[in-house]
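*Asks:* sequence first, then the predicted structure, then my questions.
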Amino acid sequence: QVQLVESGGGLVQPGGSLRLSCAASGSAFSTYDMGWYRQAPGKQRELVAAIISGGSTSYTSSVKGRFTISRDNAKNTVYLQMNSLKPEDTAVYYCNAARTTATMTGPEVLLYWGQGTQVTVSS
């Protein structure tokens, strides 16, 4: 079982920066693939950035060059550094942990979500 707690959201002006943190409890954090998702009002939840257990990262095109995802396995924490924020980045941001394990009966997928943190970009 993994519990995820996000922090660092808030109100920021366009062009500003925020750093989100997601602290994970439970064991084997380093074996999970971690992701940051966001959901704006009236829109579907979308994947913003991901970092797999091996450290490789990926980003949705709208945030490339502006957002950076990183993880500190010693602290069981994943971060999302957001720079050059735009009003369209306004959303609730969710942390996600995922791991697929092979079992005798087939793959077992473990999936956990945090409660979300609000990011509002407005002047």
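*Replies:* Received the coordinates, thanks. Residues are numbered from 1 along each chain as shown.

*Asks:* for the lengthiest strand in the chain, buried residues please.
*Replies:* Scanning the chain for the longest strand, with DSSP state E as the assignment, gives strand 91-103. Residues Ala91, Val92, Tyr93, Tyr94, Cys95, Asn96, Ala97, Ala98, Arg99 are the ones in strand 91-103 that count as buried (16 or more other C-beta atoms under 10 Å). Just so you know, the C-beta spots here come from the backbone N, C-alpha and C atoms, and that holds for glycine as well.

*Asks:* could you do stretch 38-56 as well?
*Replies:* Arg38, Val48, Ala49, Ala50, Ile51, Ser53.

*Asks:* tell me the bridge partners for the spatially most central residue of the chain.
*Replies:* For the chain, Trp36 is the residue whose C-alpha lies nearest the centre (C-alpha atoms, centre = their mean; 1.9 Å). Trp36 has these beta-bridge partners by DSSP bridges: Ala49, Cys95.

*Asks:* show me the contacts for it.
*Replies:* Listed by C-beta atoms under 8 Å, 6 or more residues apart in numbering, the contact partners of Trp36 are 20, 22, 47-50, 69, 78, 80, 93-96.

*Asks:* tell me the one of these nearest Val109?
*Replies:* Nearest to Val109 out of the contacts of Trp36 is Asn96 (C-beta to C-beta; 12.1 Å).

*Asks:* could you check how far the closest residue to the closest one other than its chain neighbours is from Thr90?
*Replies:* Take Asn96 and drop its neighbours on the chain: the residue closest to it by C-beta to C-beta, 6 or more residues apart in numbering is Gly35, 4.3 Å away. Plainly put, Gly35 is 19 Å away from Thr90 if you go by C-beta to C-beta, to the nearest Å.

*Asks:* for Gln118, same thing?
*Replies:* 9 Å.

*Asks:* and the two? Which one has more around it.
*Replies:* Thr90 (17 against 12; other C-beta atoms under 10 Å).
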